[in-house]
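Participant: Build me a model:
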Amino acid sequence: GDSDTHGDVCDNCPVVSNPSQNDVDGDGAGDKCDDDIDNDGLLNTADNCPKTANGNQADGDGDGFGDLCDNCPQHTNPGQEDADEDLLGDACDDNIDSGSDGVEDSVDNCPNVANGDQQDVDGDGLGDACDSDSDNDGIDDTTDNCLLIPNSDQKDTDGNGRGDACTSDFDGDKIVDSDDNCIANPNVHATDFRQLQMVALDPQTASTPPVWIVYDNGAEIHQTLNSDPAIAVGDHTLVDVDFEGTFFIEDTSDDDFVGFIFSYQSNSKFYVMMWKKGPQSWFGQAERGVTLKLIDSATGPGTALRDALWLTGSTTNQATLLWHDSSIGWTPKVAYRWLLHHRPDIGT
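Facilitator: Numbers count the residues shown, from 1 in each chain. Predicted coordinates:
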């Protein structure tokens, strides 16, 4: 009915065109036709965080954006400008990061200790990475048998070293460990890309932006257009991680790059794994195969970064080639599994 390529029976907004099918609160009604996108009981028109549940509508700096979705919650910035797309507004972005964890000192709960996930289980403002008693139960973390759940009695009925309070749910997020993708992080329990941040990498010459469609409660992403270079960034922040997925390319007419990013800090700093079907000369020579690069761009998104991404090699002040394997290019209609082991604390 709405000509968005999704049939009425399976369209979460059958009378409103919404190719992405975004549904932040997962209630079955697409965001484009949902009067309360975040399901916090407030209509979007009266909600200062329409896509983030915040029933109390707290807005400490009075700029019209609730604290939970304000990129500078302690600095008035009604425009929410964020030039480097690091989710920290320009008004409070000074690029000073003593911990080198991608979180600037002005908002870092452990400014001198690397803790990109900013986990703070007891909510005392001190990140777990620099808090000697993460769960505030009076037991030092070095001897606590439930690091993330208060259990001052340290009861351990079976004597296995893990307290009864966290036997089946280590992080206390009400998801049993067997079903929890991140058993030591109470803020993440499943892969969920429903709240994507789209970052254009060549905005000056962009003509065809990507269209991302998210399925399976956020676990599956489809890119439906052969678009300009861009990346989709999820809203979960992790430190050490094992992450796996599947590539499947349906398009038989093109041979461009596919890939994924990790350790995203800004639109100028991230790692990228890119896979090319075959060699191609365009903005330089792109070779067939898998490429791993460290992006540390002096210019940020634009033609210089675009060209550096395309080239199979290093580019001064833009990208460093870490690894390249030219033995295989991707083939359409074939499913490829990949597994990433990322350990930033030891540099691997």
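Participant: Distance check, residue 317 against residue 38.
Facilitator: 40 Å (Cβ to Cβ, to the nearest Å). Using the backbone N, CA and C atoms, a C-beta is placed for each residue, glycine as well.
Participant: So between these two, which is more surrounded?
Facilitator: Ranked by neighbour count (other Cβ atoms under 10 Å), residue 317 and residue 38 place residue 38 first, with 23 against 10.
Participant: Grab the nearest non-local neighbour of the more buried one.
Facilitator: Spatial nearest neighbour of residue 38, chain neighbours left out: residue 53 (4.4 Å); criterion: Cβ to Cβ, 6 or more residues apart in numbering.
Participant: List the residues that contact that neighbour.
Facilitator: Counting by Cβ atoms under 8 Å, 6 or more residues apart in numbering, residue 53 touches 25, 38, 39, 40, 68.
Participant: okay, residue 209: pLDDT?
Facilitator: Looking at residue 209, its pLDDT stands at 84.
Participant: The spatially closest residue to it that is not a sequence neighbour: which element?
Facilitator: Nearest residue to residue 209, sequence neighbours excluded (Cβ to Cβ, 6+ apart): residue 227, at 5.9 Å. Using DSSP states H and E, residue 227 falls within no helix or strand.
Participant: how much space between residue 227 and residue 294?
Facilitator: Computed as Cβ to Cβ, the residue 227 to residue 294 distance reads 24 Å.
Participant: helices and strands of the chain: which one bottoms out on pLDDT?
Facilitator: Within the chain, no helix or strand scores below strand 212-215, which has a mean of 86 by mean pLDDT, DSSP states H and E.
Participant: Okay, and the nearest residue to residue 258 once chain neighbours are set aside sits in which element?
Facilitator: Excluding the flanking residues, the one nearest residue 258 by Cβ to Cβ, 6+ apart is residue 275, at 5.3 Å. Here residue 275 sits within strand 269-276, counting by DSSP H and E.
Participant: neighbouring strands for the following helix or strand past that strand, and are they parallel or not?
Facilitator: Next along the chain after strand 269-276, taking DSSP H and E as the criterion, comes strand 280-281. Next to strand 280-281 in the sheet, as set by DSSP bridges, lie strand 285-286 (antiparallel).
Participant: that older thread, ok, the residue nearest to residue 258 touching residue 249?
Facilitator: No - contact criterion Cβ atoms under 8 Å: residue 275 and residue 249 do not qualify, at 9.3 Å.
Participant: Now for these two: what residues contact both?
Facilitator: Shared contacts of residue 275 and residue 249, defined by Cβ under 8 Å, 6+ apart, comprise 258, 330.
Participant: give me every residue that touches the spatially most central residue of the chain.
Facilitator: Centroid-nearest residue in the chain, with Cα atoms, centre = their mean: residue 234, separated by 2.6 Å. The neighbours of residue 234, taking Cβ under 8 Å, 6+ apart as the test, are 192, 193, 195, 196, 197.
Participant: Against residue 95, how distant is it?
Facilitator: 23 Å.
Participant: I'd say residue 293 and residue 271 touch.
Facilitator: Yes - proximity of residue 293 to residue 271 meets the contact threshold set by Cβ under 8 Å, at 7.1 Å.
Participant: of those two, who's got more company?
Facilitator: Per other Cβ under 10 Å, whichever of residue 293 and residue 271 has more neighbours is residue 293, with 26 against 18.
Participant: The more buried one bridge partners, please.
Facilitator: In beta-bridge terms (that is, DSSP bridges), residue 293 pairs with residue 272, residue 321.
Participant: Let me see the ranges of the strands in the stretch 151-300 of the chain.
Facilitator: With DSSP state E, counting those that start in this stretch as the criterion, the stretch 151-300 of the chain has strands at 197-200, 212-215, 220-223, 230-233, 241-248, 257-266, 269-276, 280-281, 285-286, 289-296.
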